[in-house]
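Asks: whatever this is, show me its structure:
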Amino acid sequence: MKIEISTRFRINVVSRILKLLYSTNKYTVRGLESYEEIQKTGRSVIISVWHSQLLSFLYNLKDHEIHALAGTHRDAELISKIAIKWGWDMIRGSSKEDGSKAYKEILKVLNKPKNTLFITPDGPTGPPRVPKPGIIRAAQRTQTVILPTSAYSTKHWGFKNWDTFLLEKPFGEIFIEYGKPFLLDKNLTVEESSNLLVKNMKKTETDNLYYANKKK
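Replies: Purely as a prediction, here's the structure:
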C-alpha cells in the first residue's frame, strides 16, 4: 500500500512539474493540419518521434486520443504512467521483452479506423535514430500513413544514456513540425523502409530548424 501511494505521489509531482515547464514555453506548431486531414479520411496514422524529443510531443498532444508504444524497462514506466494520466492509451513492450504481444496490439490499433499510434522508432533502448524493424513491418503490413515529426527548443536540459534525452526548460520557445505524410510500400525491404523513414524524419527536422533559425 505504501509503495502504491509513493508511486502515485511521484507520478502526480512529475506530471505537475512537466506541465509547469512546458506550459511556460511559447509554441510554434506547423503542419498539424496534415494530421487532422488524415483523420478526416478515417485512416489511422502513425506519428513518428525520435526518442530524445518525445516530451515536447507528449505535452503538445496531451488533449488528443493517442495510443502509444513504450518499453517495459524502468525508465519508461514513469513516462508511461504520466501519459496515461494525460489521457493516452499505452502499449507496453519491446523487441527484447513482450515484443510479440506488443506487435499484435499495434496491429489491432492500426487496423481500426481513425486511430493514432505514437511511436519512437529508435526507442526504448536505441541506438539513436535507428528505427526498430517491428514498427516498420507493422506500418507496411497495415499500410498505415506515417507522419514524420521534429521538435526544436531554444532552452533545454539534456540527459545522457544511450541517447541525449531532452527536457525543456521554462520560458523558452518550442518549434514543432509535423512533416509530409508517407507510406511504406509492402515490397520494400525492412532496410529500405528504415532508410525512407529516416530520410523523411531528417527532411522534417531540416525544415523545422530552418524555420526556427529564421524566427530567431
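
Asks: go through this structure and flag its longest helix.
Replies: Of all the elements of type helix in the chain, the one with the most residues (DSSP state H) is helix 190-215.

Asks: report all helices and strands that that one contacts.
Replies: strand 26-30, helix 133-142, strand 145-153, strand 173-178 (3 or more C-beta pairs under 8 Å, 6 or more residues apart in numbering; DSSP states H and E). For glycine as for every other residue, the C-beta is placed from the backbone atoms N, C-alpha and C.

Asks: what's the pLDDT at the most centrally placed residue in the chain?
Replies: In the chain, the C-alpha nearest the mean C-alpha coordinate belongs to V49, at 3.9 Å (C-alpha atoms, centre = their mean). The per-residue pLDDT reported for V49 equals 98.

Asks: now do S6
Replies: In the predicted model, S6 carries a pLDDT score of 84.

Asks: tell me the contacts of it?
Replies: Not one residue lies near S6 by C-beta atoms under 8 Å, 6 or more residues apart in numbering.

Asks: in three-state terms, label it for me.
Replies: helix (DSSP: H, G, I helix; E, B strand; the rest coil).

Asks: most tightly packed of the helices and strands packed on helix 190-215?
Replies: Between the helices and strands packed on helix 190-215, strand 145-153 has the highest mean count of neighbours, a mean of 24, where neighbours are mean count of other C-beta atoms under 10 Å.

Asks: mind giving me the packing neighbours of it?
Replies: For strand 145-153, the packing partners by 3+ C-beta pairs under 8 Å, 6+ apart come out as helix 32-40, strand 45-48, helix 54-60, strand 164-168, strand 173-178, helix 190-215.

Asks: which one of the helices and strands packed on helix 190-215 lies closest to L69?
Replies: Shortest separation from L69 across the helices and strands packed on helix 190-215 is recorded for helix 133-142, at 7.3 Å, computed as C-beta to C-beta.

Asks: so for that closest one, mean pLDDT?
Replies: Mean per-residue pLDDT for helix 133-142: 95.

Asks: give me the residues contacting it.
Replies: Residues external to helix 133-142 that are found in contact with it (C-beta under 8 Å, 6+ apart): 44, 46, 69, 95, 99, 102-103, 106-107, 110-111, 119, 121, 144, 146, 183-186, 188, 190, 193-194, 197.

Asks: just the CA atoms of that helix, as CSV, please.
Replies: The C-alpha atoms that make up helix 133-142 are tabulated as CSV, following Å, rounded to 0.1, in the frame of the first residue of the first chain:
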residue,chain,number,x,y,z
PRO,A,133,12.2,-3.4,-37.6
GLY,A,134,8.9,-4.3,-35.7
ILE,A,135,7.3,-0.9,-36.3
ILE,A,136,8.5,-0.9,-39.9
ARG,A,137,6.8,-4.3,-40.5
ALA,A,138,3.6,-3.1,-38.8
ALA,A,139,3.4,0.0,-40.9
GLN,A,140,4.0,-2.0,-44.1
ARG,A,141,1.5,-4.7,-43.2
THR,A,142,-1.3,-2.3,-42.3
